[in-house]
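Chemist: got a structure for you, letters missing:
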């Protein structure tokens, strides 16, 4: 068995004994074998393909990503293909996945990767230096693409640690969990039945099962927040405005004028039973999106 790293013989201040950690690992691996999900992005070790899956899966159900991930790779099969695409193409393909900033970050990161040789690094520091890649995404790339030891703490992983090692505890911080995640991840890929990739798949699948069968353990995390309502929110209005702009991509150099944008947004809001946005509100949204690189104004018209 590929052993997890140990801080010292008595657990190194982890708050869990080595024997308990061993029992925890054995349980998770067993449940992982029972609950394994044959998801399409698990059939690849390509760092680019895994990176895209990791970003798509953030706060998004696997059922929504399955199909969209494949379609993305058909359109942008490599880092270079993504880097050379236009921002509007990338945003268009991302529609429906939410959090449009992630699409722009993917595009910017792809360009940065190509400037540095065209391949994703197997170094955590190099990965997190790229736009939109945080510690969890970097750890996912390291574990799933390169089978390297990494500290991968995301919602399903968090749920398992809270359920098994902190039963009943409230307000558990990630600071308390991260050393345990580090200590339980195998140090290498010498054992194909217990390597970093297999270990985190087991955690993810067991965590997904727990969320279906018991009250969500993640709610006992100190960082847990209930996701705000999307419909009618500022985020929803930004997304709707971007969809209006993308729908006019074929208008060519002429772009779309401000009056048309206001009218089409008003129509969408009224269909949803909401009041139309005022002209100043639309202008403020356009300025906000423009400042973030989603769109631009030229000769009195707007373009993506």
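Modeler: That came through, no problem. Please read all numbers here as calculations on a predicted model, not as lab measurements.
Chemist: what about the stretch 201-304 of the chain, any weak spots by pLDDT?
Modeler: For the stretch 201-304 of the chain, applying pLDDT under 70 flags the ranges 224-228, 251-253.
Chemist: just the strands in the stretch 201-304 of the chain please.
Modeler: 256-257, 296-298, 301-303 (DSSP state E, counting those that start in this stretch).
Chemist: how about those strands in CSV, adding mean neighbour count?
Modeler: Every residue, glycine included, has its C-beta placed from N, CA and C. Shown next, in CSV, are those (neighbours: other Cβ atoms under 10 Å):
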stretch, mean neighbour count
strand 256-257, 16
strand 296-298, 12
strand 301-303, 19
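Chemist: Output those as TSV; include the columns distance to residue 212.
Modeler: Output for these, formatted as TSV (distance: least, Cβ to Cβ, whole Å):
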stretch	distance to residue 212
strand 256-257	44
strand 296-298	45
strand 301-303	44
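Chemist: so which of the ones you listed comes closest to residue 268?
Modeler: Smallest distance to residue 268 across those (Cβ to Cβ): 14.3 Å, for strand 256-257.
Chemist: measure residue 267 to residue 184 for me?
Modeler: As for residue 267, its distance to residue 184 is 53 Å (criterion: Cβ to Cβ, to the nearest Å).
Chemist: Name the residue in these two with the higher neighbour count.
Modeler: Per other Cβ atoms under 10 Å, whichever of residue 267 and residue 184 has more neighbours is residue 184, with 22 against 12.
Chemist: per-domain residue ranges of the protein.
Modeler: Structural domains annotated on the chain: 18-39+148-220, 46-146, 234-303, as defined by automatic domain parsing.
Chemist: Out of the strands of the stretch 201-304 of the chain, which is closest to residue 145?
Modeler: Evaluated over these, closeness to residue 145 peaks at strand 296-298, with 35.0 Å, by Cβ to Cβ.
Chemist: ok, residues contacting that closest one?
Modeler: 255, 286, 290, 302, 303 (Cβ atoms under 8 Å, 6 or more residues apart in numbering).
Chemist: quick one: which of those residues is nearest residue 180?
Modeler: Closest to residue 180, out of all of the contacts of strand 296-298 and judged by Cβ to Cβ, is residue 290, at 44.1 Å.
Chemist: Report the beta-bridge partner residues of the closest residue to that closest one other than its chain neighbours.
Modeler: Counting by Cβ to Cβ, 6 or more residues apart in numbering, residue 296 is the residue found nearest to residue 290 once chain neighbours are left out, at 5.9 Å. Taking DSSP bridges as the rule, residue 296 bridges to residue 303.
Chemist: Residue 296 and residue 255, how far apart?
Modeler: 9 Å.
Chemist: for residue 109, same thing?
Modeler: Counting by Cβ to Cβ - residue 109 and residue 255 are separated by 27 Å.
Chemist: Closest to the centroid, which residue in the chain?
Modeler: By Cα atoms, centre = their mean, the chain has its centre lying nearest to residue 58, at 2.7 Å.
Chemist: Please verify my assumption that that residue contacts residue 105.
Modeler: No - look at residue 58 against residue 105 with Cβ atoms under 8 Å: they stay out of range, at 11.1 Å.
Chemist: quick one: contacts for residue 141?
Modeler: 47, 50, 51, 54, 120, 127, 133.
Chemist: how about the closest residue to the fourth one other than its chain neighbours, what does it touch?
Modeler: With Cβ to Cβ, 6+ apart as the criterion, residue 54 has its nearest non-adjacent residue at 4.2 Å, and that residue is residue 140. Residue 140 sits next to 50, 54, 150, 152, 154, 200 when contact means Cβ under 8 Å, 6+ apart.
Chemist: Now for the nearest residue to the fifth one once chain neighbours are set aside, how many residues are close by?
Modeler: Looking back up the chat, that one is residue 154. Distance criterion Cβ to Cβ, 6+ apart; nearest residue to residue 154, sequence neighbours excluded, is residue 136 at 5.1 Å. A total of 18 residues lie near residue 136 under the criterion other Cβ under 10 Å.
Chemist: can you start the count at 15 instead of 1 from here on
Modeler: All set: I'll call the first residue 15, so the last point we hit is now residue 150.
Chemist: Now do residue 150 against residue 206, distance only.
Modeler: 24 Å.
Chemist: which residue ranges form the helices in the stretch 15-164 of the chain?
Modeler: 32-49, 61-70, 76-79, 82-89, 93-98, 101-108, 114-129, 138-142, 149-160 (DSSP state H, counting those that start in this stretch).
Chemist: Adding mean pLDDT and distance to residue 176 as columns, could you present these in CSV?
Modeler: Compiled in CSV, the helices of the stretch 15-164 of the chain are given as follows (pLDDT from 0 to 100; distance: least, Cβ to Cβ, whole Å):
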stretch, mean pLDDT, distance to residue 176
helix 32-49, 96, 12
helix 61-70, 98, 22
helix 76-79, 96, 21
helix 82-89, 98, 28
helix 93-98, 98, 36
helix 101-108, 96, 31
helix 114-129, 97, 26
helix 138-142, 97, 24
helix 149-160, 98, 16
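Chemist: That concludes my questions; thank you for your assistance.
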